[in-house]
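Trainee: Compute the structure for the input listed below.
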Amino acid sequence: MPIVVDTHVHVYPEYDAGRFLADTTARLQALSPGAMSSICLAERAGQHVYAEWAMAGKVPETDLLIESIESRGGIVLRVETPTGPLHILPGRQIVTAERLEVLVLGRDLELADGTPADDLIHAILAAGGIPVLTWAFGKWWFGRSSMVSALIKNFAPERLWIGDTTMRPREWPRGRIMRQGIAAGARVLAGSDPLPGKREAHYAGRYVTLLNRELDPKDPAGSIMRGFRVLPPGGCTIGRRCALPAILVRMARQHG
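Mentor: Residues are numbered from 1 along each chain as shown. Presented below is the predicted three-dimensional model:
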């Protein structure tokens with residue numbers, strides 16, 4: 001039974017957490033029927049959803065119980081939603097000194113925003129996490145494109161992953177930097193990247209990564225983390241990114 005993972009999930013206070021988890025699980029199952037559903041959080045500075053849910057043993061203001069499963073691969077939260085079980089891995093989103101976005105998958109590391117990307121990636125690797133240099137609208141262009149290219153070139157594919165999200169318009173093919181990285185062996189991890197605002201909650205689970213491996217119930221976190229490490233170049237992404245007009249509307253709502 002494969003594992004389907006949304007590798008870039010934010011949970012904002014304005015979301016109805018219970019409905020968010022159930023709807024996200026349903027979308028993951030629709031993309032890969034029969035697969036085990038999982039999400040990786042990408043919490044920003046000051047956010048502590050993962051720690052709060054783990055400590056409470058339940059999703060606040062719902063009757064959804066949380067089971068913490070600790071193993072050699074890390075700690076995963078398992079919640080039985082109305083649409084099926086969902087495994088939740090910890091993770092962080094950090095803005096580097098170069099104003100690039102780096103994700104930490106599998107570890108709840110509160111590393112400081114403004115850290116140089118090179119130092120940040122080394123710290124994530126030292127802690128056993130998966131570092132992901134994620135595409136973000138405008139942040140891989142112009143002067144910063146050379147920084148992105150250099151990072152992907154300087155870190156081996158097993159030490160730095162490329163992130164892709166629903167915010168990269170579906171009309172756009174993979175750009176030069178992403179294509180060159182894949183040609184050199186880089187793996188791409190897909191995630192939804194929902195933004196703040198109630199209407200954004202329904203984007204979670206729409207663009208994800210498929211891992212063709214079994215989920216070990218005794219080591220679910222390890223199963224997923226090992227799955228990331230053995231993906232082929234380019235990864236295995238399923239689902240759909242947003243069209244450019246929809247992205248512009250999403251961005252306008254944020255700035256509005």
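Trainee: Which parts of the stretch 51-200 of the chain are strands?
Mentor: 66-71, 74-81, 84-89, 91-95, 101-105, 130-134, 161-165, 188-191 (DSSP state E, counting those that start in this stretch).
Trainee: What lies in contact with the shortest one?
Mentor: Applying C-beta atoms under 8 Å, 6 or more residues apart in numbering, the set of residues contacting strand 188-191 from outside is 6-9, 40, 42, 105, 130, 132, 134, 161-166, 178, 182, 207-209, 228, 231, 234-235, 237-239. Backbone N, C-alpha and C define where each C-beta goes, glycine included.
Trainee: hang on, the earlier thing: present the strands of the stretch 51-200 of the chain as TSV; the columns should include mean neighbour count.
Mentor: Listed next are those as TSV, based on neighbours: other C-beta atoms under 10 Å:
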stretch	mean neighbour count
strand 66-71	14
strand 74-81	20
strand 84-89	21
strand 91-95	23
strand 101-105	25
strand 130-134	26
strand 161-165	25
strand 188-191	27
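Trainee: Output those as CSV; include the columns distance to Ala201.
Mentor: Shown next, in CSV, are those (distance: least, C-beta to C-beta, whole Å):
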stretch, distance to Ala201
strand 66-71, 19
strand 74-81, 14
strand 84-89, 15
strand 91-95, 17
strand 101-105, 19
strand 130-134, 20
strand 161-165, 15
strand 188-191, 15
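Trainee: looking at those strands, which is closest to Met1?
Mentor: strand 84-89 (11.8 Å; C-beta to C-beta).
Trainee: circling back: of all the strands of the stretch 51-200 of the chain, which one comes closest to Arg19?
Mentor: Using C-beta to C-beta, the strands of the stretch 51-200 of the chain put strand 74-81 closest to Arg19, at 9.4 Å.
Trainee: the inter-axis angle of the closest one versus strand 66-71?
Mentor: 150 degrees (axes from the mean of the first three to the mean of the last three C-alpha atoms, to 10 degrees).
Trainee: can I get the CA coordinates of strand 74-81 in PDB?
Mentor: Taking Å, rounded to 0.1, in the frame of the first residue of the first chain, the C-alpha atoms of strand 74-81 are listed here in PDB:
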ATOM      1  CA  GLY A  74      10.900  10.200  14.700                       C
ATOM      2  CA  ILE A  75       7.500  11.100  16.200                       C
ATOM      3  CA  VAL A  76       4.400  11.100  14.100                       C
ATOM      4  CA  LEU A  77       0.900  12.100  15.100                       C
ATOM      5  CA  ARG A  78      -1.900   9.800  14.000                       C
ATOM      6  CA  VAL A  79      -5.500  11.000  13.900                       C
ATOM      7  CA  GLU A  80      -8.600   9.000  12.900                       C
ATOM      8  CA  THR A  81     -10.600  11.600  10.900                       C
END
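Trainee: What residues sit buried inside whichever strand or helix holds Ser223?
Mentor: Assessed by DSSP states H and E, Ser223 sits inside helix 220-229. For helix 220-229, burial by neighbour count (16 or more other C-beta atoms under 10 Å) applies to Pro220, Ala221, Gly222, Ser223, Ile224, Met225, Gly227, Phe228.
Trainee: tell me the mean pLDDT over that helix?
Mentor: Per-residue pLDDT values over helix 220-229 give a mean of 97.
Trainee: That helix packs against which elements?
Mentor: strand 3-9, strand 66-71, strand 74-81, strand 84-89, strand 130-134, strand 207-211 (3 or more C-beta pairs under 8 Å, 6 or more residues apart in numbering; DSSP states H and E).
Trainee: Mind putting the ones you listed into JSON lines with mean pLDDT?
Mentor: Shown next, in JSON lines, are the helices and strands packed on helix 220-229 (pLDDT from 0 to 100):
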{"stretch": "strand 3-9", "mean pLDDT": "98"}
{"stretch": "strand 66-71", "mean pLDDT": "94"}
{"stretch": "strand 74-81", "mean pLDDT": "96"}
{"stretch": "strand 84-89", "mean pLDDT": "98"}
{"stretch": "strand 130-134", "mean pLDDT": "98"}
{"stretch": "strand 207-211", "mean pLDDT": "98"}
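Trainee: would a markdown table of those with distance to Pro196 be doable?
Mentor: Output for these, formatted as a markdown table (distance: least, C-beta to C-beta, whole Å):
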| stretch | distance to Pro196 |
| --- | --- |
| strand 3-9 | 13 |
| strand 66-71 | 23 |
| strand 74-81 | 22 |
| strand 84-89 | 19 |
| strand 130-134 | 17 |
| strand 207-211 | 18 |
